[in-house]
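Undergrad: Quick one, structure for this:
(one chain, ligands or ions: 2)
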Amino acid sequence: MAKGERVLIALGGNAMTGPDGTAAPDAQRHAVEAAVEPVADLVAGGVEVVLTHGNGPQVGNLLIKNQLAARVVPPVPLDWCGAQTQATIGVLLLNALQRAMAARGVERQVAVVVTRTLVDGGDPGFTDPVKPVGRYFSAREAERFRALGQNWRSFGAKGWRRVVASPEPLEILDAAAVDTLLAAGFIVVAAGGGGVPVVREEGGLRGVEAVIDKDLAAQLLARHVAATTLVIATDVEHAMAGYGTPGERPIGRTTVAQLRAYAAAGHFGGGSMGPKVEAAVRFVEAGGRRAAITSLALIGDAADGNAGTVIER
Ligand code: ADP
Ligand code: MG
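TA: Ligands and ions are numbered 1, 2, ... in the order given. Below you'll find the predicted structure:
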C-alpha cells in the first residue's frame, strides 16, 4: 500500500487465542503479539492503520464465569461482557503494538475507543435468537438460567447452550471519537467484538443482550473512516470453495459476483466465513478499493492484494 493510504484491519478473535482455543491469558498475549507484527510493518511503511478485533472466545469464557458464579455474584448482561472484552483485548493490543513499533523505531500513539454499535430492537434476531454462546450445560442447569429470562436451546447429546440475538450492525456510534483520534495522529483500535450493542429509545441509548458480528461492523467502520482497503485476518489463509469436502480449493483473486455466487451456493460457514465474505463484498460494493480475507501472518501481503481471498473494485 502507498504511504498515507488507510487500511482497516480486523483481527479474528479465534486466531488471537492460541492454538487450543482455551484463551489462557498468556496464549492470548502471545497471539496478540504475533498478530501485531505485520500491523507494525504497515505502520512503519507509512500506512494509516485502524484496527478492530473479535471477542467470541473471550466472551464465551466470561459467560462461563457468570454462569458458574451465578449463586454468588449476580451475572452481568451480555453487552457488559462485550464492553469488558473491548477493554482487555484493547489493552493487550496497545502494549503489543507499541512494543512492535518501538522495535522498528516508530513512535506513534495508540488509543482504544470503547465503541457502541446501533442495532434495531425490531431485528428478527431478537424474536428468534440463534447465535449460540458460552459452553454446553445440562438441561437442569439450563433451566436455572431460563428462569432468569435467558434463551437456551438443546443441542442434543452435547447438552444445552445459551442462544442470543446477533442483530445487523446499523451504525458505529462512537465513530466521531475515532475520527478525532485519527486526525490527531493516533492509531485507533475500535468496535472490538463488533461494538457494544445498543438500541435507541425515548431519551437515549440502552445496551441490549446481543452479540454483533465483528466482520460486519468492521466494514461499516472501514467505510466511515474512508479506508481504501479492508483486511479481515483470521485463522485460515483463504476462503475456500467446497470447504470441508475432498474437492476444497482456496479462492484467490476473485470478483464480487463470484463470491456472491459461492455464498448463495452455501460454500461459507454461517457465523464464521459467511460474514467475512459478506463484509468484504459490502465494502467493495460501497466504494472500497480492495477487501482481503487471509491469515494473521499474511496481513501485509493481503493489504497489497497479493495474498488471501481478494476482491477489488
Ligand atoms: P474469527 O474468529 O477470525 O472471526 P471464525 O472462526 O469466525 O474466525 O471464522 C474462520 C473459520 O471459518 C475458519 O477457521 C473455518 O473453520 C471456517 N470456515 C467456514 N467456511 C469456510 C470456508 N468456506 N473457507 C474457509 N474457512 C471456512
Ligand atoms: Mg468470527
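
Undergrad: what about this protein, any weak spots by pLDDT?
TA: 21 (pLDDT under 70).

Undergrad: Show me which residues of it are close to ligand 1?
TA: 12-15, 54, 56, 234-236, 239-240, 243, 267-269, 272-273 (C-beta under 6 Å from any ligand atom). Glycine gets a C-beta too; all of them are placed from N, C-alpha and C.

Undergrad: Pick out the residue in the chain sitting closest to ligand 1.
TA: With C-beta to the nearest ligand atom as the measure, Gly12 is the residue of the chain nearest to ligand 1, at 1.9 Å.

Undergrad: which residue packs closest to that residue, ignoring adjacent ones?
TA: Nearest residue to Gly12, sequence neighbours excluded (C-beta to C-beta, 6 or more residues apart in numbering): Thr234, at 3.8 Å.

Undergrad: tell me the contacts of that neighbour?
TA: Gly12, Asn14, Ala15, Lys276, Ile293, Thr294, Ser295, Leu296 (C-beta atoms under 8 Å, 6 or more residues apart in numbering).

Undergrad: so what's the last one up against?
TA: Listed by C-beta under 8 Å, 6+ apart, the contact partners of Leu296 are Leu11, Gly12, Ala15, Met16, Ala34, Ala35, Pro38, Ala233, Thr234, Asp235.

Undergrad: And the strands in the stretch 201-313 of the chain, which stretches?
TA: For the stretch 201-313 of the chain, the strands defined by DSSP state E, counting those that start in this stretch occupy 204-207, 229-234, 240-241, 249-250, 253-254, 290-295, 309-312.

Undergrad: Quick one: closest of those to Ala184.
TA: strand 229-234 (22.1 Å; C-beta to C-beta).

Undergrad: quick one: strands adjacent to that closest one?
TA: Strand 229-234 pairs in its sheet with strand 6-11 (parallel), strand 290-295 (parallel), by DSSP bridges.

Undergrad: now it, how far from the chain's geometric center?
TA: 10 Å (C-alpha atoms, centre = their mean, to the nearest Å).

Undergrad: Could you do stretch 184-204 as well?
TA: The answer for stretch 184-204 is 13 Å, by C-alpha atoms, centre = their mean.

Undergrad: Now Gly149, what are its backbone angles?
TA: Backbone geometry at Gly149, expressed as degrees, to the nearest 10, gives phi 100, psi 10.

Undergrad: Could you check how far the residue nearest to Gly12 is from Ile187?
TA: 21 Å (C-beta to C-beta, to the nearest Å).

Undergrad: now Val113
TA: 11 Å.

Undergrad: Arg162 now?
TA: 35 Å.

Undergrad: Could I get the buried residue list for the lengthiest helix in the chain?
TA: Counting by DSSP state H, the longest helix found in the chain is helix 78-102. Across helix 78-102, burial judged by 16 or more other C-beta atoms under 10 Å covers 78-79, 81-86, 89-90, 92-94, 96-98, 100-101.

Undergrad: Following element in sequence after it, please.
TA: Once the chain leaves helix 78-102, the next helix or strand it forms, by DSSP states H and E, is strand 110-113.

Undergrad: Run the chain-centre distance for that next one.
TA: The answer for strand 110-113 is 16 Å, by C-alpha atoms, centre = their mean.

Undergrad: What pairs with it, parallel or antiparallel?
TA: By DSSP bridges, strand 110-113 pairs with strand 187-190 (parallel).

Undergrad: The strand it pairs with: which residues count as buried?
TA: Quick answer for strand 187-190 (16+ other C-beta under 10 Å): Ile187, Val188, Val189, Ala190.

Undergrad: just stretch 43-53 next, same as before
TA: In stretch 43-53, counting by 16+ other C-beta under 10 Å, buried: Val43, Val47, Glu48, Val49, Val50, Leu51, Thr52, His53.

Undergrad: give me every residue that touches the nearest residue to Arg313 once chain neighbours are set aside.
TA: Spatial nearest neighbour of Arg313, excluding adjacent residues (C-beta to C-beta, 6+ apart): Arg289 at 5.2 Å. Residues counted as contacts of Arg289 (C-beta under 8 Å, 6+ apart) are Thr228, Thr229, Glu312, Arg313.

Undergrad: ditto for Pro275
TA: Pro275 sits in contact with Asp213, Asp215, Leu216, where contact means C-beta under 8 Å, 6+ apart.

Undergrad: Same question for Ala23.
TA: So Ala23 contacts Thr17, Pro57, Gln58, Gly60, Asn61 (C-beta under 8 Å, 6+ apart).

Undergrad: My assumption is that the third one lies in a helix; please confirm.
TA: In this case it means Gln58. Yes. Secondary structure of Gln58 (DSSP: H, G, I helix; E, B strand; the rest coil): part of a helix.

Undergrad: so of the buried residues of stretch 43-53, which ones are in helices?
TA: Going by DSSP H, the helices hold Val43 from these.

Undergrad: taking the buried residues of stretch 43-53 one by one, which sit in strands?
TA: Glu48, Val49, Val50, Leu51, Thr52, His53 (DSSP state E).
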